[in-house]
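**Q** With the input below, show me the fold.
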Amino acid sequence: MPETASRLSVTVTQVDATPTSRAAIRSHETLIDRPEAKGGLDRGPMGGELLLAALGGCFMSNLIAAAAARNVPARALSVTVEGALASAPPRFEMIELTVHAEGADAAVLDKLVEISERACIVANTLGAAVSLKIRRA
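**A** Alright, predicted model coming up:
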């Protein structure tokens, strides 16, 4: 299925005869693997870690864009994403994003967080399946 404005595409293939896989995303590649303790070679993050990174990256790009569109200086923005695991079936049962910013007015930052949450594709997708909390530090 080709990538279009309404479809995104990623191809994941096994690397040689190892437990490692390679994700091809547009002109980018990243390795996906398990830690050695879980039978992997630790050549890249696990899929669950990438899911958290995808959420954080999606949210952060929208946060930066929202700040820029409103001429709000964005200094030292960061988002910490933590996921609580359930065991059967293995899944995230709760994910929490904590937004950090230096020198930002609390009310303005709260508005930017609200805008970013509404605009984030990953948050909108996961929100129906998992308890998703977003808070300001």
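**Q** could you pull out the strands for the chain?
**A** 11-14, 21-25, 28-32, 78-86, 91-100, 131-136 (DSSP state E).
**Q** Quick check: buried residues in stretch 13-30?
**A** Of all the residues in stretch 13-30, those buried under the rule 16 or more other C-beta atoms under 10 Å are 20-23. C-beta: built from backbone N, CA, C; applies to glycine.
**Q** which non-adjacent residue is nearest Ile64?
**A** Ala74 (5.8 Å; C-beta to C-beta, 6 or more residues apart in numbering).
**Q** how far away is the one you found from Cys58?
**A** Computed as C-beta to C-beta, to the nearest Å, the Ala74 to Cys58 distance reads 16 Å.
**Q** In terms of packing, which of these two has more residues around it?
**A** Cys58 (20 against 17; other C-beta atoms under 10 Å).
**Q** Contacts only, for the more buried one.
**A** 120-123 (C-beta atoms under 8 Å, 6 or more residues apart in numbering).
**Q** Could you report the separation of the closest residue to Ala123 other than its chain neighbours from Ile64?
**A** Of all residues not flanking Ala123 in the chain, Glu117 sits nearest, at 5.6 Å (C-beta to C-beta, 6+ apart). Here the criterion is C-beta to C-beta. By it, Glu117 lies 14 Å from Ile64.
**Q** okay, these two: which has more neighbours?
**A** In this view Glu117 and Ile64 are compared by other C-beta under 10 Å, and Glu117 has more residues nearby, 18 against 14.
**Q** Wait, the more buried one touches Ile134, no?
**A** Yes. If you go by C-beta atoms under 8 Å, Glu117 and Ile134 touch, sitting 5.4 Å apart.
**Q** Count the residues that sit near Gly57.
**A** Neighbours of Gly57 (other C-beta under 10 Å): 15.
**Q** Looking at it now. What's its pLDDT?
**A** Per-residue confidence at Gly57 stands at 98 (pLDDT).
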